[in-house]
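Novice: Build the 3D model from these lines:
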Amino acid sequence: MTEPHARDHAGAALLILRRRVDDHFTAAKARSPGAMQCRTGCAACCHQRFGVFEIEAHRVRVALARLARADPALRERVRRQAGDPGAAHHCALLVDDRCTIYEERPLICRGHGLPTRVPGEGLQGCPLNFTTEDPPAQSVLDLSAVNAPLSVMARMWDGEGHRVALSDLAAADDVLDDA
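Specialist: Predicted coordinates for the structure are as follows:
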């Protein structure tokens with residue numbers, strides 16, 4: 001376990017990193033509006049299952065606790081589909097092609113849609129985007145610039161950098177009181 005102040009610093013740093021990725025996404029979309037198909041209701045990037053570091057899992061738990069208070073029926077639907085083998089082909093937090101915790105979505109989700117540079121694998125991205133033109137270099141998200149600080153924050157948070165499946169978070173009973 002880590003010192004409480006380390007968790008506070010890691011949590012604050014996570015919010016800054018999330019804002020930077022969001023700003024990068026907004027700028028990339030503004031740079032190439034016709035080449036990026038990302039929009040409300042598009043969930044092409046969400047048709048897989050993910051795991052997150054415990055530092056981001058905490059934010060997801062808070063969001064799910066808020067959802068339980070604001071819309072208990074939707075929260076129950078998320079919980080049920082998390083255990084549904086027929087729904088295992090998409091994120092457990094996705095309902096009707098919408099993220100139920102969008103404002104608290106993890107970094108992996110915030111970067112979806114962007115052209116990304118993956119160390120050792122080159123340029124990747126959503127197959128719906130940049131189909132007729134190459135992405136501008138300044139729009140490419142270097143995943144190592146996100147993942148390196150995130151892994152440090154994760155170790156500051158819990159001392160180990162434990163990962164949690166989003167489907168496990170979605171299936172859990174809500175126990176957070178600080179949401």
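Novice: Could you spell out the sheet neighbours of the worst-scoring helix or strand of the chain on mean pLDDT, each with its direction?
Specialist: Counting by mean pLDDT, DSSP states H and E, the chain has its least confident helix or strand at strand 122-124, which shows a mean of 90. Strand pairing for strand 122-124, determined by DSSP bridges: strand 116-118 (antiparallel).
Novice: Just give me how far the strand it pairs with sits from the chain centre.
Specialist: Counting by C-alpha atoms, centre = their mean, to the nearest Å, strand 116-118 is centred 16 Å from the centre of its parent chain.
Novice: Next: stretch 71-91.
Specialist: Offset of stretch 71-91 from its chain centre (C-alpha atoms, centre = their mean): 17 Å.
Novice: Kindly report the same for stretch 114-122.
Specialist: 17 Å.
Novice: Show me which residues of that stretch are buried.
Specialist: 114-117 (16 or more other C-beta atoms under 10 Å). All C-beta spots, glycine's among them, are computed from the backbone N, C-alpha and C.
Novice: Over to stretch 161-173?
Specialist: Buried-residue list, stretch 161-173, by 16+ other C-beta under 10 Å: 161, 164, 166-167, 169-171.
Novice: so can I have CSV of those residues showing secondary structure, distance to P106 and pLDDT?
Specialist: As requested, these are exported to CSV (DSSP: H, G, I helix; E, B strand; the rest coil; distance: C-beta to C-beta, whole Å; pLDDT from 0 to 100):
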residue, secondary structure, distance to P106, pLDDT
G161, coil, 14, 92
V164, strand, 10, 95
L166, helix, 8, 94
S167, helix, 13, 93
L169, helix, 10, 95
A170, helix, 13, 95
A171, helix, 17, 94
